[in-house]
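1. give me a model of this one.
(one chain, ligands or ions: 1)
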Amino acid sequence: MLAESHFYFNRAADVLDLPEKIRLVLLTPRRTVKVEIVIEGDDGELQVYTGFRVQHNMARGPMKGGLRYHPAMDEEHAAALANLMTWKTAVVDVPFGGAKGGINCDPSTMSERELFDVTTGFVEQMKEVIGPTTDIPAPDVNTNAKVMGWIMHEYSKYAGFSPGVVTGKPLDLFGSEGRNAATGRGVMDVLAAALEEQGKSFSDVTVAVQGFGNVGSNAALLIAEQGAKIIAVADHTGGVSNSAGLDVNALAAWTTANGGVKGFEGGAAFERSKIITWDADVLIPAALEDSITKDNAPGVKASIIVEGANGPTTPEADEILGKLGVLVIPDILANAGGVTVSYFEWAQNVQQFAWDEERVNSELDKKMRRAYDAVRVVMKEFEIDMRTAAFVLAIRRVGKAAIARVHLSRDLKF
Ligand code: NAD
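-> Numbering: from 1, shown residues only. Reported below is the predicted structural model:
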């Protein structure tokens, strides 16, 4: 994954003709912290885990990024995702840098008490390097509002009341209205902008969605509300389709009750991998990395892909989609709604003043729209695809901030 994010970065750096040394500075994480966490399990045995935090860049503000609990979590994953966060926060122009971290534990095999101990153990060891003005974690795979509440509590023991140390907190503990649906809402916003440009409206299009978790389900619900037909959805349990349009609310209720879309009676079942080549106008990959590959990309029928997930398209697939004329709205733009509302949450925490949901949503819609338009301008300036343009925009913003901080003996242009 690290190689892929570097590939996209370098493609944009070529457009800007960036010297090697500057590329190296912009790609190298500022700091990588690795800690050992030892807890006593419920069975009395010791459990040992490794926690990571990669702090990539803080030229534009405190570093920001999720915390993932997964057995496969390692430094390379954290580094790749931290890197993406730097460009994502710059594309939506929120005053943050990029970071990412995690612990190589498997929450599905752990009790809540064990998870609490792992989380507080992580914070105890990371407390000097995180904080509201340095690095602000948020939920990612297998972490949620409850875990963020624990982090806030533990960190506040050392630093005093600090709600701004994490975002994605419970509403009862200084979280923000609208945070839960924010990434899905951002997906809807950029799709609205793309359709408008093509002279279409939501009611003109059919949509296929891969992944029906936080991002996929909220995107599907909001896009269906706008009048589009969600004709196919797949998750890890299987796929379900209905050419007349799925009842997304009913599907969400079914998924909550049954742990997946499999068995939903409002549509026909299909094998989950077929979702990528589904005959729909819009495809929203909102599940895992590397879902669209050189093997399935030639069969893609959608004319617009909105990357709800991080890194769902491999570079080879990206090239194939470009040749097919598919408009790919890249992850660092399309799924930036979550970090945008995280910024609003942090701003509310700093001000000690809560916004209502209407304000959060309308500010989010504006931010996403502005980011989309700014990427469009760069696309036209260099006649490049949307992903490269998003990286160019981000590299310019980060580069300009970085050089404005220091005295340079020669002029560097971004
Ligand atoms: P989630 O755990 O809530 O949902 C993941 C979904 O993917 C589930 O529906 C799961 O069944 C499905 N899935 C897993 N394996 C699959 C497979 N082989 N085929 C089809 N579906 C499969 O996670 P999420 O928070 O919705 O995140 C999804 C993606 O979006 C990740 O790449 C994440 O990094 C990215 N993302 C999330 C947010 C956020 O705010 N939650 C923000 C930005 C990016």
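2. nearest residue to D140 in space, please, no chain neighbours.
-> Distances taken as Cβ to Cβ, 6 or more residues apart in numbering place G66 nearest to D140, at 2.8 Å, with adjacent residues excluded. The C-beta positions use only the backbone N, C-alpha and C, and glycine is treated the same way.
3. next SSE after the helix or strand harbouring the one you found?
-> Per DSSP states H and E: G66 is located in strand 63-69. Once strand 63-69 ends, the next helix or strand along the chain (criterion: DSSP H and E) is helix 75-91.
4. do that following helix and the ligand meet at all?
-> No - Helix 75-91 does not reach the ligand (Cβ under 6 Å from any ligand atom); its nearest approach is 7.6 Å.
5. repeat for stretch 56-74
-> No - using Cβ under 6 Å from any ligand atom, stretch 56-74 stays clear of the ligand, coming no nearer than 7.1 Å.
6. on that earlier part again, what number of residues lie near the residue nearest to D140?
-> 24 (other Cβ atoms under 10 Å).
7. could you pull out the strands in this structure for me?
-> 31-40, 46-57, 63-69, 97-103, 135-139, 206-210, 229-235, 238-241, 268-270, 282-285, 304-306, 327-329 (DSSP state E).
8. coming back round to it: partner residues bridging the residue nearest to D140?
-> Going by DSSP bridges, G66 is paired in beta bridges with A138.
9. leaving out the residues flanking it, which one is nearest to the residue in the stretch 51-200 of the chain positioned nearest to the ligand?
-> Closest residue of the stretch 51-200 of the chain to the ligand, Cβ to the nearest ligand atom: T183 (3.7 Å). Spatial nearest neighbour of T183, excluding adjacent residues (Cβ to Cβ, 6+ apart): G338 at 3.8 Å.
10. I'd like to know which elements the top helix by length along the chain is packed against.
-> Identified as the longest helix of the chain according to DSSP state H is helix 357-382. Contact here means 3 or more Cβ pairs under 8 Å, 6 or more residues apart in numbering; DSSP states H and E; on that basis helix 357-382 packs against helix 75-91, helix 182-197, helix 331-334, helix 337-351, helix 386-404.
11. ok, back up a step: next one, pLDDT for the residue nearest to T183 please.
-> For G338, the model assigns a pLDDT of 96.
12. any idea how far it lies from G44?
-> G338 is 39 Å from G44, where distance means Cβ to Cβ, to the nearest Å.
13. the two: who's more crowded?
-> G338 (28 against 6).
14. surely the more buried one touches G186?
-> Yes - G338 lies in contact with G186 (Cβ atoms under 8 Å); the separation is 7.1 Å.
15. show me what from the protein comes close to the ligand.
-> 141, 183, 210-216, 234-236, 260, 272, 286-288, 308-310, 335, 338.
16. so what's the residue count around whichever residue of the stretch 201-350 of the chain sits closest to the ligand?
-> Per Cβ to the nearest ligand atom, G213 is where the stretch 201-350 of the chain lies closest to the ligand, at 1.8 Å. Close neighbours of G213, defined as other Cβ under 10 Å, add up to 16.
17. and the residue most central in space within the chain, what does it touch?
-> Centroid check for the chain by Cα atoms, centre = their mean gives N335 as the closest residue, at 5.0 Å. Shown in contact with N335 (Cβ atoms under 8 Å, 6 or more residues apart in numbering): K88, T183, G186, V187, V215, E307, G308, A309, N310.
18. could you identify which of those residues has the most neighbours?
-> Ranking the contacts of N335 using other Cβ under 10 Å puts G186 first, with 32 neighbours.
19. from what I see, it and D331 are in contact.
-> No - between G186 and D331 there is no contact under Cβ under 8 Å: 11.0 Å.
20. where do the helices sit along the stretch 101-250 of the chain?
-> 112-126, 145-159, 182-197, 214-225, 248-258 (DSSP state H, counting those that start in this stretch).
21. now these as a markdown table including mean pLDDT and distance to C105?
-> Output for these, formatted as a markdown table (pLDDT from 0 to 100; distance: least, Cβ to Cβ, whole Å):
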| stretch | mean pLDDT | distance to C105 |
| --- | --- | --- |
| helix 112-126 | 98 | 6 |
| helix 145-159 | 97 | 11 |
| helix 182-197 | 98 | 24 |
| helix 214-225 | 97 | 20 |
| helix 248-258 | 98 | 25 |
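22. number of residues surrounding the closest residue to V207 other than its chain neighbours?
-> In space, and not counting its chain neighbours, V207 is closest to V282: 4.5 Å by Cβ to Cβ, 6+ apart. Using other Cβ under 10 Å, V282 is surrounded by 24 other residues.
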